[in-house]
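Student: got a sequence here, can you build the structure:
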Amino acid sequence: MTDDQTLGTEGEGTTSPSASSIPAGGATGVPGAPASALPAEGASVVRGGREVSAEHSGDHVHRDVTGGWLRPTVFGAMDGLVSNFALIAGMDGGTSSGSKFIVLAGLAGLAAGAFSMAAGEYTSVASQRELARAEIEVERLEIQRHPSDEELELAETYRAKGLDPELADKVAKQFHKNPDQALEEHVREELGVDPNDLPSPVVAAASSFVSFAIGALVPLLPYLLGAGSVLPALIMSLTALFICGAVVSRVTSRSWWYSGLRQLILGAAAAALTYGVGLLVGPGVG
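Tutor: Numbers count the residues shown, from 1 in each chain. You can find the predicted model right below:
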């Protein structure tokens, strides 16, 4: 193996591609080149003047943790499933099983809940976005009016994180050579947000609306298909609750069975309590 094949150009930090991305002819791209041209396990490359593992690509991608779509989607699906399941269980406890009023209540709960969730999410995220933009504008004006003070403030932030005072001053000075870069850095450090990646109220509202409607349809579906008792809705809803909880665990650190069981228990408890209310109140209302 030659140095060019392994190290690449210093500063560019070329890494060895995975086996699936190697063209015919091995790592060199030359027809007939042996597969042994790939770096062995534990091999290293030079990146930025430092020797690092060849197995680390340096461009790994993290999942979105800002909550732009995940939070309203998960919350909407869970809320739709639990609230409509509880509503239908309460109606079943207070009326005769298979009553057309159960279907009517379920459809009304689906529509009202979906529109309410979408409106609430849009207003909430839009307000959050407007607040962030207002604070970003405040920071922009501060940098324009007091550039030296803001540069010192940024340097102090770096010192608090452990940078040497001299290095902290240099980094802050470098950022403040470009007002836009300085603004982005101040906003990230002081507000904890990315000014170029603020959450979208439209995405949040649409995610919430669709996920709530899907979740609310699950306990209602057996009645739409002609079920005469709450049992099919109970089975479908509990199964869906467990599956939703297990799916959520894919983006968290919890095990799938723990997350699924937790959601199942919470949803079942809500439905049981509402069913009990229906049993107590239903006869008096009817």
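
Student: next, the nearest residue to D149 once chain neighbours are set aside: secondary structure please.
Tutor: Once flanking residues are discounted, D149 sits nearest to E142: 8.0 Å by Cβ to Cβ, 6 or more residues apart in numbering. Every C-beta, even on glycine, is put in place using the N, C-alpha and C of the backbone. Secondary structure, DSSP: H, G, I helix; E, B strand; the rest coil: E142 is helix.

Student: how many neighbours does E142 have?
Tutor: Residue crowding around E142 was assessed by other Cβ atoms under 10 Å; the count is 16.

Student: got it, and the one 4 residues further on?
Tutor: Each residue near H146 was counted by other Cβ under 10 Å, and the total is 12.

Student: for it, give its distance to A269.
Tutor: Between H146 and A269 the computed distance is 55 Å (Cβ to Cβ, to the nearest Å).

Student: again, but for A77
Tutor: To A269, A77 is 18 Å away according to Cβ to Cβ.

Student: which one of these two is surrounded by more residues?
Tutor: With neighbours defined as other Cβ under 10 Å, A77 and A269 compare such that A77 has more, 24 against 12.

Student: please look at that one and L241 and confirm they touch.
Tutor: No. Taking contacts as Cβ atoms under 8 Å, A77 lies outside contact range of L241: 10.0 Å.

Student: just to revisit the earlier point, any idea of the pLDDT on the residue nearest to D149?
Tutor: Per-residue confidence (pLDDT) for E142: 96.

Student: wait, it touches E150, no?
Tutor: Yes. Counting by Cβ under 8 Å, E142 touches E150, with 5.8 Å between them.

Student: got the residue ranges for the strands in this protein?
Tutor: Ranges of strands in the chain, per DSSP state E, are 44-47, 50-53.

Student: and the gap between the residue nearest to D149 and H186?
Tutor: Taking Cβ to Cβ, one finds E142 at 8 Å from H186.

Student: joint contacts of the two?
Tutor: Taking Cβ atoms under 8 Å, 6 or more residues apart in numbering as the contact criterion, the residues that touch both E142 and H186 are E150.

Student: now I102. Nearest residue, chain neighbours left out?
Tutor: Excluding the flanking residues, the one nearest I102 by Cβ to Cβ, 6+ apart is M91, at 4.6 Å.

Student: quick one: contacts for that neighbour?
Tutor: So M91 contacts S99, F101, I102, A105, G106, G278 (Cβ under 8 Å, 6+ apart).

Student: could you check how far it is from V247?
Tutor: Counting by Cβ to Cβ, the gap from M91 to V247 is 28 Å.

Student: got it, and G162?
Tutor: For G162, the distance to V247 - Cβ to Cβ - is 39 Å.

Student: who has more neighbours out of these two?
Tutor: Between G162 and V247, V247 has the larger neighbour count (other Cβ under 10 Å), namely 15 against 7.
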